[in-house]
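Novice: Here is the input, now give the coordinates:
(2 chains)
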Number of protein chains: 2
Amino acid sequence: MPRSSRADAQRTRDAIIREAVDDASRNGLEAITIGVLAGRLEMSKAGVIGPFGSKEALQLAALEAALLVFREVVWDPVAAVAPGRARLEAVIERWVGCYLEADVFPGGCFLTQAAADFDGRTGPVRDAIERASRRWDKVLANEVRTAIEQGELEDSDPAQVAFELVALAQGINQARQLRHDPDAGARGRAAMYRALRAVAA
Amino acid sequence: MPRSSRADAQRTRDAIIREAVDDASRNGLEAITIGVLAGRLEMSKAGVIGPFGSKEALQLAALEAALLVFREVVWDPVAAVAPGRARLEAVIERWVGCYLEADVFPGGCFLTQAAADFDGRTGPVRDAIERASRRWDKVLANEVRTAIEQGELEDSDPAQVAFELVALAQGINQARQLRHDPDAGARGRAAMYRALRAVAA
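Specialist: I've put the predicted structure just below:
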């Protein structure tokens, strides 16, 4: 394949994935239909599925792309902050302010939507969502652990703090998406900071 | 219609709704397909859709049935408890222990699933889900307000407490359904009780 065709093929693949991610954040990763994507992209169904081989492979590619967006928006900008309490607070600010409140995906948090869709199913998409969820829990718990070791947080259960932060992010997402609650971000952020302080008590 | 036929029709309708609720809790209210329900119930597609008239009407009937289950499991058993802190704690026990941990629906919390499915859509199903969500928020906030007035909770923001309780319930549900976390109920319950104590601080 000549270089320009390869670049074209990559651009087409990226455009399909972008459309699939947008659609999935609104209607669910399972509800993606090749026909709808083909219509929006003005392509044939065969042209949409071709670069991936199957709907499941396209779902996995969309999930991977959404995880990358989450990482670029929430984690990468704070990766250089000092580990521990400072980075944990920076993560909360990015997560709430730049991801949930910014409506990075048109239908709200991609992962919350995907988890709700696939938690009752089996297969590689579900497994990939579970892995991503566990990985983020671990990142948060590690940060809490470091903060405790550095004396920046009271001795507490890192997994409990991680559980609460993730739950509150889900709460923000649902309040914003379902009830268009303008206070959701502020409520969730306040509760997250309280979770950092209060778990030891 | 003779009495026995009416009873038969009601039984058929109930069986379809039961199957639709189970399916929706696993795969989503939007993912219900008349064909799958017909296969499971050993009925024709026309027989499944007939009592409702449309897929949307069947979705609304399934939602209503699921809300009734939630009410029967979580609220009705504690309705007679003294309003305020006592009833709020009784609600938490029923909600976590008898609803979320008991897997009342095979795919976890019906409402969380339905909200994720429909929050990016428009129409009567989405509106009914939003109404149910607002109603439950109001029940919780009213109970917190009563507890404050009775001096059983520190002066706090009832809407904030309601927000946190709902978020934590979502967190329990996702941790159970996606990660099969056996500690999810205990973690969520502990955080809910802390939310009651800590919001004033």
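
Novice: My read is that A:Gly188 contacts A:Ala169, right?
Specialist: Yes. When contacts are counted by Cβ atoms under 8 Å, A:Gly188 is listed as touching A:Ala169 (6.8 Å). Where C-beta positions appear, they are placed from N, C-alpha and C, glycine not excepted.

Novice: contact partners of stretch A:37-50?
Specialist: Outside stretch A:37-50, the residues within contact range by Cβ atoms under 8 Å, 6 or more residues apart in numbering or on different chains are A:Thr12, A:Ala15, A:Ile16, A:Glu19, A:Ala20, A:Asp23, A:Ile34, A:Gly35, A:Lys55, A:Leu58.

Novice: distance between the ends of that stretch?
Specialist: By Cα to Cα, to the nearest Å, the extent of stretch A:37-50 from end to end equals 13 Å.

Novice: what is the rounded mean pLDDT of that stretch?
Specialist: For stretch A:37-50, the mean per-residue pLDDT is 94.

Novice: can you check stretch A:8-25 too?
Specialist: The model assigns stretch A:8-25 a mean pLDDT of 92.

Novice: So for that stretch, what gets flagged as buried?
Specialist: Residues of stretch A:8-25 classed as buried: A:Thr12, A:Ile16, A:Ile17, A:Glu19, A:Ala20, A:Val21, A:Asp22, A:Asp23, A:Ala24, A:Ser25 (neighbour count, 16 or more other Cβ atoms under 10 Å in any protein chain shown).

Novice: can you give me the helices in chain A?
Specialist: In chain A, the helices defined using DSSP state H lie at A:3-27, A:34-41, A:45-49, A:55-70, A:85-93, A:110-118, A:124-149, A:158-179, A:184-198.

Novice: winner for burial among those?
Specialist: Sort the helices of chain A by mean neighbour count, taking mean count of other Cβ atoms under 10 Å in any protein chain shown, and helix A:110-118 sits at the top with a mean of 26.

Novice: Run through the neighbouring helices and strands of it.
Specialist: Contacts defined by 3 or more Cβ pairs under 8 Å, 6 or more residues apart in numbering or on different chains; DSSP states H and E place helix A:110-118 against helix A:3-27, helix A:55-70, helix A:124-149, helix A:158-179, helix B:110-118, helix B:158-179.

Novice: Now A:Val139: closest residue in space that isn't a chain neighbour?
Specialist: Excluding its sequence neighbours, the residue lying closest to A:Val139 (Cβ to Cβ, 6 or more residues apart in numbering or on different chains) is A:Trp75, at 7.5 Å.

Novice: what about the one you found, neighbour count?
Specialist: Residues within reach of A:Trp75, counting by other Cβ atoms under 10 Å in any protein chain shown, total 16.

Novice: for it, what are its contacts?
Specialist: Contact analysis of A:Trp75 by Cβ under 8 Å, 6+ apart lists A:Val91, A:Arg94, A:Val139.

Novice: before we move on, the earlier item: output the buried residues of stretch A:8-25 in JSON lines; the columns should cover distance to chain B.
Specialist: Below are those laid out as JSON lines (distance: Cβ to the nearest Cβ, whole Å):
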{"residue": "A:Thr12", "distance to chain B": "26"}
{"residue": "A:Ile16", "distance to chain B": "20"}
{"residue": "A:Ile17", "distance to chain B": "19"}
{"residue": "A:Glu19", "distance to chain B": "15"}
{"residue": "A:Ala20", "distance to chain B": "14"}
{"residue": "A:Val21", "distance to chain B": "13"}
{"residue": "A:Asp22", "distance to chain B": "10"}
{"residue": "A:Asp23", "distance to chain B": "9"}
{"residue": "A:Ala24", "distance to chain B": "10"}
{"residue": "A:Ser25", "distance to chain B": "7"}
